[in-house]
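In: Give me a 3D structure for the following:
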Amino acid sequence: MINILILDDSTEKIIITKKFLIEECNLSEDFIDEALTINDGRKKLYDKRYDLLLLDLVLPRDTDSDASAEESIRFLEEIYYNSEINIPVHIIGFSQYDDMVKEHESKFDDKLWHLIKFDYINPNWKNLLKVKISHLISTKNEFKKSIEGKEEFDYAIICALETPELKAILALPCDWKMFKIDEDNDPMVYHEGVIHTINGNSRRVLACSVNKMGMQATVCVTSIIISKFNVKNIFMTGICAGVKDRDLKFGDVIIAENTTEYAAGKITENSDGFFSFKPEPTQLPTNQKLLALINTFISSNEREFLNIYSEFSGPKPDNIFKAKIGPIASGSLVVASKTMVKSITESNRKILGIDMEGHGMYLASHFLEKSKSLFIKSVCDFGDSEKSDNYQAYASFTSARFLHSFIFNMF
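Out: Take a look at the predicted model:
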């Protein structure tokens, strides 16, 4: 909707003009203001930015002054040089007299504004005004769409840590540009990039790191991104622990068809003072269409895995990585205990991996119901006493490149 100010000393003309704007231009009365003198109009222009000023050519300065064209033309000039005035997007002057239109129209034309003849009988002024209003509404809507579009992305990628996880994402060929949002006290550092897909599409991608391990921080950051950037899909890449007897090797990619929080449950105490934990895991699934799409990608792009493996120049195992789809378990603990892994996986014999953030992302996505989320992490250890950092960079690389290839080939 556009804001309009009618500045005219004739209440009859104001009533006619407002009726036309409301009934024939479908504008709301709430967006139409009026003023009878130049001083009143000036005050309104101080306080508010209008899209259109309808200015009578013959106006009084105040209620004690006589109306004259000279006063209106002086005010027209003042609108340009008075920095306190919010200059309207467009100004249309009205006059009932042909000779006055002819004498003063150049003053309006010089600034690409217009002076037209107002007539109680001939509706030509209505046609001209309707065209201008339609143009203003269209321009404003396009501008608004353009501004809002700057904060919309197709996909978001969340990593727990800057290094090595986000570092691997920022190494992808996406022409990344860093930015921050000063409004809302947003503390995050974001990276904006583009993935040009095999289907000829250009997908805007947002990436950031939570910069802290754990589900609580991940829930917060995921919620912010979904709410602020209106992303279609939100992915989490990086590293996780694999479950050793699930045929997993270092660098293998795990896609979470669902997540559970392994530490959710109840702690009780028996008569001897010993604690007992009774798990109450809640399972959160990912989007089934997204899962089907990535399943198709895995089965039809085996060659791509070899390419990705070959491109990594650091320490890596001898085998080419593979991708598996299955459940993962999340919790707030860094697990380096074979016994603990056994305890976690006892609740679900199909669990492929253990991490600290995945369930948080699925939880935020589940509650906000706006974006489809998908966990794509690679195995860097097996959560046992042999846990080390040796393959963290390689696992971050395979998960980041796997996601990039998935988007490139399937969207």
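In: Pull out the buried positions in the longest helix belonging to the chain.
Out: The single longest helix within the chain, with elements called by DSSP state H, is helix 124-149. Neighbour-count burial for helix 124-149, counted by 16 or more other C-beta atoms under 10 Å, picks out 125, 126, 129, 132, 133, 136, 137. The way it works is simple: take the backbone N, C-alpha and C, and place the C-beta from them, glycine included.
In: Quickly run through the sheet partners of the next helix or strand along the chain from it, with directions.
Out: Using DSSP states H and E, the next helix or strand after helix 124-149 towards the C-terminus is strand 155-159. Using DSSP bridges, strand 155-159 pairs in its sheet with strand 202-209 (parallel), strand 233-242 (parallel).
In: Pick the most buried one from those.
Out: Greatest average neighbour count among the strands paired with strand 155-159 goes to strand 233-242 (a mean of 27), per mean count of other C-beta atoms under 10 Å.
In: quick one, helices of the stretch 201-350 of the chain?
Out: For the stretch 201-350 of the chain, the helices defined by DSSP state H, counting those that start in this stretch occupy 215-229, 288-300, 302-311, 338-345.
In: Find the nearest non-adjacent residue to the residue nearest the centre of the chain, please.
Out: By C-alpha atoms, centre = their mean, the mean C-alpha position of the chain lies nearest to residue 229, the distance being 1.5 Å. Leaving aside its sequence neighbours, residue 229 sits nearest to residue 153 (C-beta to C-beta, 6 or more residues apart in numbering; 5.0 Å).
In: Quick one: work out the angle between the longest helix of the chain and strand 202-209.
Out: Orientation of helix 124-149 against strand 202-209 (axes from the mean of the first three to the mean of the last three C-alpha atoms, to 10 degrees) gives an angle of 50 degrees.
In: roughly how far out does helix 124-149 sit from the chain middle?
Out: How far helix 124-149 lies from its chain's middle: 25 Å, per C-alpha atoms, centre = their mean, to the nearest Å.
In: Check which helices and strands it sits against.
Out: helix 11-23, strand 52-56, strand 90-95, strand 114-117 (3 or more C-beta pairs under 8 Å, 6 or more residues apart in numbering; DSSP states H and E).
In: ranking the ones you listed by burial, who's on top?
Out: Taking mean count of other C-beta under 10 Å, strand 52-56 is the most buried of those, at a mean of 25.
In: Buried residues in the helix or strand that it is followed by, which are they?
Out: Downstream of strand 52-56, the first helix or strand assigned by DSSP H and E is helix 69-81. If you call a residue buried by 16+ other C-beta under 10 Å, then helix 69-81 has these buried ones: 69, 71, 72, 73, 75, 76, 79.
In: And the first one, how close does it get to residue 187?
Out: In this structure, residue 69 lies at 57 Å from residue 187, with C-beta to C-beta, to the nearest Å as the measure.
In: what do you get for the third one?
Out: Taken as C-beta to C-beta, the spacing of residue 72 relative to residue 187 amounts to 52 Å.
In: before we move on, what about residue 306?
Out: 41 Å.
In: cool, residue 126 as well?
Out: To residue 187, residue 126 is 53 Å away according to C-beta to C-beta.
In: circling back: tell me the angle the longest helix of the chain makes with strand 90-95.
Out: Orientation check (the same axes, to 10 degrees): helix 124-149 against strand 90-95 gives 170 degrees.
In: Kindly provide the whole-number mean pLDDT of helix 124-149.
Out: The pLDDT scores in helix 124-149 average 81.
In: can you check stretch 257-272 too?
Out: 86.
In: Any regions of the stretch 1-150 of the chain where pLDDT drops low?
Out: For the stretch 1-150 of the chain, the stretches with pLDDT under 70 are 144-150.
In: So what does the residue nearest to residue 229 have for phi and psi?
Out: The phi/psi pair for residue 153 (degrees, to the nearest 10) reads phi -130, psi 150.
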